[in-house]
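Trainee: need a 3D model of the sequence below.
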Amino acid sequence: MSIVITGATGQLGRQVVETLLERNVPPQEIVAAGRAVDKIADLAQRGVHVRKLDYTDAASVGKALKGASKVLLISGSEVGQRVEQHRTVIEAAQREGIQLVAYTSIANADGSGMKLAVEHQATETLLEQSGVPFVLLRNSWYLENYTDQLPGVLAQGALVGSAGNGRVSAASRADYAQAAAAVLLADDQAGRIYELGGDEPFTMAELAAEISAAAGQHISYQDLPPREYAAMLVRVGVPGGGGAEILADSDLGIARGDLLVNSGDLSRLIGRPATSMAEAVRSAVAAI
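Mentor: The predicted structure follows:
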């Protein structure tokens, strides 16, 4: 019986596989599945089963889940198409008699007003209706959503957004991966809902101050109306019509508290404090 990690060719999925190996799960009991399997060919050399899986190809999904006991369903990246893609995996899990599906949802999914939450809400409903045992990993934002943008922030001398004074419980991708691995390896997880986020929520102004301290350069936070922020994102290369507007809408969600998590679930699952924003910023600035 094996554990299937979907989306293993992406950053989160890859880190979940690595964490399972670090926790001494035999590689032959892990299935790393995804589209671009060339990216994970090295895992096959280490004994992990590597299978091609495309959420839009039901046959490939069925083959990837064959003989599995548990599945980590990492939400797809194609906004607008994810519900049907996730349905394909859930239906395959039904056919295969999977014992547990762990789904990476979004923080506070049941009450969130964010556009990004809509497909997660629909997927949670599909899981509830499927009869397949499932556990929800409701992840807040990645710290990498901010640290990956630091070169541009430092170049322009400002952090820009539409989050107002809202606080976000962002955590590192590695911490979310470790939490997912912990759930996959634990017993009696069916029906549980984990609200996952960092221990120390922060505002964008606090993020700007931390960047300033780490870089030795004053960085201000400029709060823009959502339309202006979306237009700015388009100017710097973010696709309009979807990507830019969704990012601006997500900042409005932060302003409302949609990505604020106070459960402590993440640190409990990983057995230590979550990586803080300050730690992440210092590491990212040092790497530039």
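Trainee: buried ones in the helix or strand hosting residue 212?
Mentor: For residue 212, the host element (DSSP states H and E) is helix 204-215. By neighbour count on 16 or more other C-beta atoms under 10 Å, the buried set for helix 204-215 is 204, 206, 207, 208, 209, 210, 211, 212, 214, 215. C-beta: built from backbone N, CA, C; applies to glycine.
Trainee: after that helix comes which helix or strand?
Mentor: Using DSSP H and E, the helix or strand that follows helix 204-215 in sequence is strand 220-223.
Trainee: could you say what helices and strands that following strand packs with?
Mentor: The contact analysis (3 or more C-beta pairs under 8 Å, 6 or more residues apart in numbering; DSSP states H and E) places strand 220-223 against strand 158-161, helix 204-215.
Trainee: which neighbouring elements make contact with the first one?
Mentor: Helices and strands touching strand 158-161, as assessed by 3+ C-beta pairs under 8 Å, 6+ apart, comprise helix 204-215, strand 220-223, helix 226-235.
Trainee: who does that strand pair up with?
Mentor: For strand 158-161, the paired strands and their directions (DSSP bridges) read strand 220-223 (parallel).
Trainee: may I have the partner strand as CSV, with CA atoms only?
Mentor: Output of strand 220-223 as CSV, limited to C-alpha atoms (Å, rounded to 0.1, in the frame of the first residue of the first chain):
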residue,chain,number,x,y,z
SER,A,220,7.8,51.7,2.4
TYR,A,221,4.4,50.0,2.1
GLN,A,222,2.2,51.7,-0.5
ASP,A,223,-1.4,50.7,-0.2
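Trainee: what's it in contact with?
Mentor: With C-beta atoms under 8 Å, 6 or more residues apart in numbering as the contact definition, strand 220-223 has outside contacts at 157-164, 203-205, 207-208.
Trainee: picking up where we left off before, need the helices and strands packed on strand 220-223 in a markdown table with mean pLDDT and distance to residue 172, can you?
Mentor: Converted to a markdown table, those look like this (pLDDT from 0 to 100; distance: least, C-beta to C-beta, whole Å):
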| stretch | mean pLDDT | distance to residue 172 |
| --- | --- | --- |
| strand 158-161 | 97 | 19 |
| helix 204-215 | 98 | 14 |
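Trainee: so which of these is nearest residue 130?
Mentor: strand 158-161 (37.1 Å; C-beta to C-beta).
Trainee: just the CA atoms of that closest one, as PDB, please.
Mentor: Taking Å, rounded to 0.1, in the frame of the first residue of the first chain, the C-alpha atoms of strand 158-161 are listed here in PDB:
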ATOM      1  CA  ALA A 158       8.600  50.000  -2.000                       C
ATOM      2  CA  LEU A 159       6.200  47.100  -1.200                       C
ATOM      3  CA  VAL A 160       2.900  47.700  -3.000                       C
ATOM      4  CA  GLY A 161      -0.500  46.100  -2.300                       C
END
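Trainee: from the chain's centre, how far out does it sit?
Mentor: 22 Å (C-alpha atoms, centre = their mean, to the nearest Å).
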